[in-house]
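Novice: What shape does this take:
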Amino acid sequence: MSRPGATGLGPLADELHARDPERLLTVLFAAPEHRADLIALYHFNSEVARVRQMVSEPMIGEIRLQWWREALDEIYGGGPVRAHPTVEALRDTVRSRDLPRGPFDALLDARSLDLYDEPFEDVEAYIAATSAGLMTLAAQICGGGEAGDLGQIAGRIALLAAVPRLRAQGPYPWAAITGDKDALDGFVRTELDQAVRALSGTRLPKGGRAAYLPAALIRADAKRLLKTKGSLADPRPETPSFKLQLTLLRANLTGRV
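Specialist: Next comes the predicted model:
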């Protein structure tokens, strides 16, 4: 049995708390019987999302992603899986919740684009496979439906907010973005403002609501980013946990982002 750590939810949750604390907060709003499965899904996502930062060249990253494809072969093969905490937890989640494999394959294919310093050919397809696809899988765990426009718009906002950091590291989704900070900031602010307005007032589905709560945090973070006076690439202080919790509580109670 897993021993409680910093989160009291087990080792995977402790690691997720270090990698993606905001998403872990949303798990606490899920029904108790859904939390372990959400943690398994989100931990898998954190593993593949950080491949770019863990490797020194694209080929090594492709090898890591292939390792996860082979792990999925085992999970969906119905037999034993490799001895790896995330794989074992994801196996239990996939099999108990009857999650389809397609979104997982699409997510891995999209993450391979992160490995190369080239603009994406289809940014919307990338968002559909990553943020929106992940939200749909989470919703299925929680008894909800497709993420739809909510997942797509929230994913676009999250990607736009990350662009200054991504551009500094190498990969950059939009061909319109250049290395010039002023041009980058102008592009991101314009696109981000439009996306935030599009998400404003959106209702969160009742069924599986915890799966959609990341959209509320994404919108709140984007609004703070738009108020930034300097370059969007400058380091920003972390938002206090109590503010994140208030945002989630309000969204969960009102059903609006």
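Novice: can I assume T228 sits in a helix?
Specialist: No - under the criterion used here (DSSP: H, G, I helix; E, B strand; the rest coil), T228 is coil, not part of a helix.
Novice: correct me, but it touches R236?
Specialist: Yes - under the criterion of C-beta atoms under 8 Å, T228 makes contact with R236 at 7.0 Å. All C-beta spots, glycine's among them, are computed from the backbone N, C-alpha and C.
Novice: Report the distance from the worst-scoring helix or strand of the chain on mean pLDDT to the chain centre.
Specialist: Here the helix or strand of the chain ranked lowest by mean pLDDT, DSSP states H and E is helix 148-169, holding a mean of 85. Relative to its chain's centre, helix 148-169 lies at 10 Å (C-alpha atoms, centre = their mean, to the nearest Å).
Novice: Against D105, how distant is the closest residue to Q245 other than its chain neighbours?
Specialist: What sits nearest to Q245 in space, not counting adjacent residues and going by C-beta to C-beta, 6 or more residues apart in numbering, is L25, at 6.5 Å. Using C-beta to C-beta, to the nearest Å, L25 is found at 28 Å from D105.
Novice: go on, D20?
Specialist: From D20 over to D105 (counting by C-beta to C-beta), the distance is 21 Å.
Novice: Remind me which helix or strand E121 belongs to.
Specialist: Under the criterion DSSP states H and E, no helix or strand holds E121.
Novice: That one and G148, how far apart?
Specialist: E121 is 23 Å from G148, where distance means C-beta to C-beta.
Novice: same question, A251
Specialist: Applying C-beta to C-beta, the value for A251 to G148 is 17 Å.
Novice: Just give me the neighbour total for F242.
Specialist: 8 (other C-beta atoms under 10 Å).
Novice: Do you know the pLDDT at it?
Specialist: With respect to pLDDT, F242 scores 93.
Novice: and it, what element?
Specialist: helix 241-254.
Novice: How about residues contacting that helix?
Specialist: Residues from elsewhere that reach helix 241-254 (C-beta atoms under 8 Å, 6 or more residues apart in numbering): 21-22, 25-26, 29, 204, 209-210, 213, 215-217, 220, 257.
Novice: Determine which two of the residues you listed are furthest apart.
Specialist: Pairwise distances across the contacts of helix 241-254 (C-beta to C-beta) peak at 20.7 Å, for the pair P21 and L204.
Novice: more crowded one of those two?
Specialist: A direct count of neighbours by other C-beta under 10 Å for P21 and L204 places L204 higher, at 21 against 13.
Novice: CA atoms of the helix or strand where R219 lies as CSV?
Specialist: Element membership for R219, per DSSP H and E: helix 214-226. Output of helix 214-226 as CSV, limited to C-alpha atoms (Å, rounded to 0.1, in the frame of the first residue of the first chain):
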residue,chain,number,x,y,z
PRO,A,214,-8.5,23.3,-15.0
ALA,A,215,-10.1,25.7,-17.4
ALA,A,216,-11.0,28.0,-14.5
LEU,A,217,-7.4,28.1,-13.4
ILE,A,218,-6.1,28.6,-16.9
ARG,A,219,-8.4,31.6,-17.5
ALA,A,220,-7.4,33.1,-14.1
ASP,A,221,-3.7,32.7,-14.8
ALA,A,222,-4.1,34.2,-18.3
LYS,A,223,-5.8,37.3,-16.8
ARG,A,224,-2.9,37.8,-14.4
LEU,A,225,-0.5,37.4,-17.3
LEU,A,226,-2.2,40.0,-19.3
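Novice: Share the number of residues neighbouring the residue nearest to R101 when sequence neighbours are not counted, please.
Specialist: Using C-beta to C-beta, 6+ apart and skipping the chain neighbours, the partner closest in space to R101 is Y76 (5.2 Å). For Y76, the count of nearby residues is 17 (other C-beta under 10 Å).
Novice: try D14
Specialist: 19.
Novice: Distance from the helix or strand harbouring it to the middle of the chain?
Specialist: Using DSSP H and E, D14 falls within helix 11-19. The gap between where helix 11-19 is centred and where its chain is centred comes out at 14 Å by C-alpha atoms, centre = their mean.
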